[in-house]
Structures are given as structure tokens and as C-alpha cells.
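**Q** coords please:
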Amino acid sequence: MTCRTRESWSLSCFIALVALTIGSGAASAYQLSPSGTRVERHEVKAKAIWYDRYKSGVATWGVYNFTHPVHEEITQLIFGCDASPDACADPEMEFTPPTVIAGVRWNDDPPFRLATTGIRECRTEQTIRVVTQPICWYHLFRHAEKRATTTYFDGKSKRWNTMYRSHFGDLQFLHAMASRDGELAGTTRDRVLMWAEFAWSVAIGAEKGNTLLKDIKVKGFAEFFPYSGQDVLDLYTLGNTALRRGLPDVAFGSLLHLVQDSFAFAHAERMNAVPGATCPNTDRPQPGLIRAFRSYSNQDHKKHGTHDARTAFQESIKGTPNAVDVGRILLSMYDERKPWSEVEPYLKCVFAVQNENAEASPGDGLGM
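**A** Numbers count the residues shown, from 1 in each chain. So this is what the prediction gives:
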């Protein structure tokens, strides 16, 4: 099958492209359905020419058929979904607020814009996400994937957008992963907790939406955004003003995603939980210690994707405490707007590592 020109593009070509895009095993534990909010889908239909509407519609169709919305399913269960398993897997179910679902999707599909581009499918005036500019997103993702073998995407350069960095660069801790082979488990753990503190502060309103990222006071945070002109609102809701009033939920959803990722085999290797073990000074069950964080750069992407599937999630929740259990505890804290000082000890327990000096690697059986 050949998909060489805009004019010869067919339904089967685009479906295959979407399958490659979403199924290529980007650093995002468990699959999800990044189909965007209703506002984003409406904007695409209202403003795009018929060809782009067609592509966007097929992209949404392809996402639902080639990946299962596992992140959304986990989140619906956290929020008390008591319907059938298939119903809880429906991203449109209303157990979870749509603003939280938007946050759960954010880690895998953060919005960004380009100042300039030579890619004809990319529009600089429009925010880039899978739902808004699918072909552009795909081209950029593939570029990042190829370039990652020789380039480290980090905040020290203004060139790299959040998608490049979160999937292939220094922000891979958003998926409970090390940024590169050899990174020490203690380093990855510290970065995870740094981001958790930031996200929680936004979620409970302690950090305001108009704060510039470079001015965030969480220890170590500004090092990842030294030249950023973005504020917190743009980080989480760029291009979707309807989400802005729901910023706390978006930040909380993003934190849930990070926690969920840490229970995925291709992202972190956890030991089995010790029966009856509890987090220090609490009666909360202690998850298994993290033996090692994975690094994506030298993983086999197909093998990675296998461990992101729904079957992997269903297997993971046979043991307790699991991602759903931990998420429910965090939700109760969020409902009560607990301060970070009370949340931090629990998350330190959730992300406790067996050996701080363990070096990240692709993981046994996950290498190329």
C-alpha cells in the first residue's frame, strides 16, 4: 500500500497511519484515547476544510479502534464506575468529570504550537494535538523518534516542544520513566515527586494559573523550564479556553496518569506488595517497591506497546494495592483539598524504590 500524495490519500492509508502513530509505543504507559474534548472536536469541524475534517474524523475512529482507552478506564474506576467493564471503558462515561479526563490525556498528548514549520500539514496558528492536527502530529512524532537516537530533548534549548520532551526527552518522568539509560532510580523518583508536588499545588489552588513555569518555586522545577514564557494555564490548557476554569481537575488528572504509569511493566518494575504492609504511620496499604525504572530509548516499541494494552491492565489489578486503589486514596485527598505536606508522605510511599542507585535500562525482555 502506498500513501505518497495528498490526492491519493485513502481511508485505509490514514487508518494505517493512525495505527502506527498510536501503536508505536510512545513513552505512555497503558493505552488511551486522545480524541480531545468536545470543544476541540467542534473547533476542528468548524474551522477546518473538508479534507482536514475528514482526517480528524478518521483519526478519532482509528484511535478508538486501534487502542483501548485504558487510562480513561482506570480513572472511571477510581471515580466509582460500577457499570459493566465495557461501559467503564467508555471515555464518555460521566463518572469522571471531563476536565479530569482531559488531564489524564495530557501527559501523552500535551498541547503545543510551532513558531515556524516546513511541514505543509502543520498550521502554526493552531494548537497541535492528535485531534486538532493529526497528520502534523504524526510527522513531528516520527521526527522526534528518529532524532532521539542522537539528540537529547530538554529545556536547555528553546527548540523542543513538550511532546518531544515528554515522549523522548527530559520529561519522561511524566510517564514514571527515566529520561535515558543509566539514570539512577533515586533521580527519577525525585523528579516524579517534584512534578507531583507541582501538579498537586495546581490542583488544590496553591499554585495560580498565571504563574510562569520558570517562576515555580517547587525545588528543581524551574530547571526544566528556564526559558519558557508559558504559564501554568498554557501548559495544561493551551488552545482550549473551556478547560481553564477546570484547571485544578486537569492537573489532578495529569497526576493520576503519572501514578497509573508507575504500575505498568514497561515503565517501572515493581516488586510484589508485601501482604499487610502499610505506608509509614498510616493504615494505607503499601504498593510494591519499585525495583527499577525503565528507559524508553532502547526499548522495542512493539514490546512496549504489548504491556500498554488492556489485558496488561486487567492482569495488574489482580494484585493490591494497584493503580485503582492508589488513585482512590488520592481522590479522597483531592476531594478534601489536603495540603501537599499531607500528600507527600503517601506519594513517597507509592514511589519508594528498592535501591536508589539502580540504573535505568530498557528492562528484561523489552530491549530491541
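**Q** List the backbone torsions phi and psi for the nearest residue to Asn281 once chain neighbours are set aside.
**A** With Cβ to Cβ, 6 or more residues apart in numbering as the criterion, Asn281 has its nearest non-adjacent residue at 7.4 Å, and that residue is Pro345. No exception for glycine: its C-beta is placed from N, CA and C like everyone else's. Torsion angles at Pro345 (phi, psi; degrees, to the nearest 10) stand at phi -60, psi -40.
**Q** so Pro345 sits right up against Thr278, yeah?
**A** No. The pair Pro345 and Thr278 does not pass the contact test of Cβ atoms under 8 Å, sitting 11.9 Å apart.
**Q** So for the helix or strand encompassing Phe252, mean pLDDT?
**A** For Phe252, the element it lies in under DSSP states H and E is helix 247-261. Regarding helix 247-261, the rounded mean pLDDT is 97.
**Q** Got the confidence number for Ser361?
**A** Predicted confidence (pLDDT) for Ser361: 90.
**Q** wait, isn't it in contact with Arg291?
**A** No. Using Cβ under 8 Å, Ser361 makes no contact with Arg291, being 11.4 Å away.
**Q** the more surrounded of these two?
**A** Taking neighbours as other Cβ atoms under 10 Å, Ser361 and Arg291 compare with Ser361 leading, 19 against 14.
**Q** okay, now the residue nearest to Asn281: neighbour count?
**A** Counted with other Cβ under 10 Å, residues neighbouring Pro345 total 14.
**Q** roughly how far apart are it and Phe198?
**A** 17 Å (Cβ to Cβ, to the nearest Å).
**Q** avg pLDDT for the helix or strand hosting Asp190?
**A** Assigned by DSSP H and E, Asp190 falls within helix 185-203. On average, the pLDDT along helix 185-203 is 98.
**Q** Equivalent analysis for stretch 323-330, please.
**A** The average pLDDT within stretch 323-330 is 97.
**Q** Show the contacting residues for Gly169.
**A** Gly169 makes contacts with Ala148, Tyr152, Phe153, Asp154, Trp160, Ser179, as judged by Cβ atoms under 8 Å, 6 or more residues apart in numbering.
**Q** for Arg113, same thing?
**A** Taking Cβ under 8 Å, 6+ apart as the contact definition, Arg113 lies against Thr124, Gln126, Thr127, Ile128, Leu238, Gly239.
**Q** Could I have the PyMOL command that selects the buried members from these?
**A** Filtering the contacts of Arg113 down to the buried ones (16 or more other Cβ atoms under 10 Å) takes a single PyMOL command:
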select buried, resi 126+127+128+238+239
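**Q** Would you check which pair of the contacts of Arg113 lies furthest apart?
**A** Thr124 and Leu238 (13.4 Å; Cβ to Cβ).
**Q** Distance check, the residue most central in space within the chain against Val192.
**A** Nearest to the geometric centre of the chain sits Asn107, at 2.5 Å (Cα atoms, centre = their mean). The spacing between Asn107 and Val192, counted by Cβ to Cβ, is 12 Å.
**Q** Cheers, nothing more for now.
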